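# Okay, predicted coordinates and the sequence, questions at the end:
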Amino acid sequence: MKRIVCMAFALFFLWNLPCAAENYVLVGHMRSEIRYELEQRVTRSPGIQKLVLSFVVPPTFESPTYRQEIHGFELAFSPQPKEKKRSQDNRGNQIIVATWKPTPPEITARISFKAQNQTRLQQLQTRTPFPLGKVPSEVSPYLSPTKQVQSDDPRIRKLAKELTQGVTTQFDAVQRILTWIVDNLRYVTPPAKYDALYGLEARKGNCQNFSHLSA
């Protein structure tokens, strides 16, 4: 009986001891090929005389850990629009804008392409100092607060400051933030909301909440 009681106390204290997070470095790669096709039908509402549809062309791009190649992109309309223009926004995205005037009763838009993706799992070596110095103008829009990424909220700013206290490199700052999120947020799908603040308050969310709070 004494042994059982002692064992129960030992398990109780072990259960309540704080557990330190561990980081694992995964090395490898993964390839995939996706054949994507989307067909949308737009029905005219009474009184509509002009209809404009815009589409973003999926780009081929590469980062230190990911590569995406787009092949055979096609955007077909039925009936054909009166005007179709292609332009580039200030972030480099290719935009296709189609206009119908007068508007037909129904418009069908069909997008298709093949995407070849490669994910490379490798350790990133960087000694870029933290805190940040002057942020380049082309990067600053991606660091600005949005409706989903409330990076100006006092609670998020306070947590970020606490987690990065004493950190001297950007790598360590990001690692501390990501480790905290993984340790403190529970994965659920679908969440009630997808923004960063909901993930922080509810301590749960899906990949969108995790990403938004990380940003």
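On my side now, so go ahead.

# What are the phi and psi values at residue 44?
Torsion angles at residue 44 (phi, psi; degrees, to the nearest 10) stand at phi -70, psi 130.

# Could you find the closest non-adjacent residue to it?
residue 103 (4.9 Å; CB to CB, 6 or more residues apart in numbering). Backbone N, C-alpha and C define where each C-beta goes, glycine included.

# what about the one you found, neighbour count?
Other residues near residue 103 come to 18 when the count uses other CB atoms under 10 Å.

# Which parts of this structure belong to which domain?
Annotated domains of the chain cover 28-121, 140-214 [automatic domain parsing].

# circling back: just say helix, strand or coil for the residue nearest to residue 44.
coil (DSSP: H, G, I helix; E, B strand; the rest coil).

# Same question for residue 29.
Classified using three-state DSSP, residue 29 is strand.

# count of neighbours near it?
As a burial measure, residue 29 scores 11 neighbours (other CB under 10 Å).

# what residue ranges in this protein score low on pLDDT?
Low-confidence segments of the chain (pLDDT under 70): 1-26.

# same thing but 90
1-30, 46-47, 64-65, 90-92, 120-128, 131-143, 171, 215 (pLDDT under 90).

# In three-state terms, label the most centrally placed residue in it for me.
Nearest to the geometric centre of the chain sits residue 211, at 5.3 Å (CA atoms, centre = their mean). Using three-state DSSP, the structure places residue 211 in helix.

# Distance check, it against residue 196.
Note on residue 211: its distance to residue 196, by CB to CB, to the nearest Å, is 9 Å.

# Same check on residue 128?
Where residue 196 is concerned, residue 128 sits at a distance of 23 Å (CB to CB).

# Next: residue 180.
13 Å.

# for residue 206, same thing?
Residue 206 is 13 Å from residue 196, by CB to CB.

# Between these two, which is the more surrounded one?
residue 196 (27 against 15).

# can you list contacts of the strand or helix carrying residue 198?
In this assignment (DSSP states H and E), residue 198 forms part of helix 196-202. Helix 196-202 is contacted from outside by 148-151, 153, 155-156, 159, 181, 185, 191-192, 205, 209-210, 212-213, 215, using CB atoms under 8 Å, 6 or more residues apart in numbering.

# Try it again at 10 Å.
145-151, 153, 155-156, 159, 181, 184-186, 188, 191-193, 195, 204-206, 208-215 (CB atoms under 10 Å, 6 or more residues apart in numbering).

# now do stretch 185-193
148, 198-210, 212-213.

# Stretch 144-161 too?
So stretch 144-161 is in contact with 142-143, 173, 176-177, 180-181, 184, 193-201, 208-209, 211-215, going by CB under 10 Å, 6+ apart.

# List every C-alpha atom in that stretch, with coordinates, as CSV.
Extracted as CSV, the C-alpha positions of stretch 144-161 are listed here (Å, rounded to 0.1, in the frame of the first residue of the first chain):
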residue,chain,number,x,y,z
SER,A,144,1.8,46.2,-41.7
PRO,A,145,-1.2,45.3,-39.6
THR,A,146,-4.3,43.9,-41.3
LYS,A,147,-7.7,42.7,-40.3
GLN,A,148,-6.4,39.2,-39.9
VAL,A,149,-2.9,40.1,-38.6
GLN,A,150,-3.5,42.6,-35.8
SER,A,151,0.2,43.1,-35.1
ASP,A,152,-0.6,46.6,-33.6
ASP,A,153,-2.7,45.1,-30.9
PRO,A,154,-1.2,45.8,-27.4
ARG,A,155,-1.6,42.2,-26.3
ILE,A,156,0.2,40.8,-29.3
ARG,A,157,3.0,43.4,-29.1
LYS,A,158,3.5,42.7,-25.4
LEU,A,159,3.8,38.9,-26.0
ALA,A,160,6.2,39.5,-28.9
LYS,A,161,8.4,41.7,-26.7
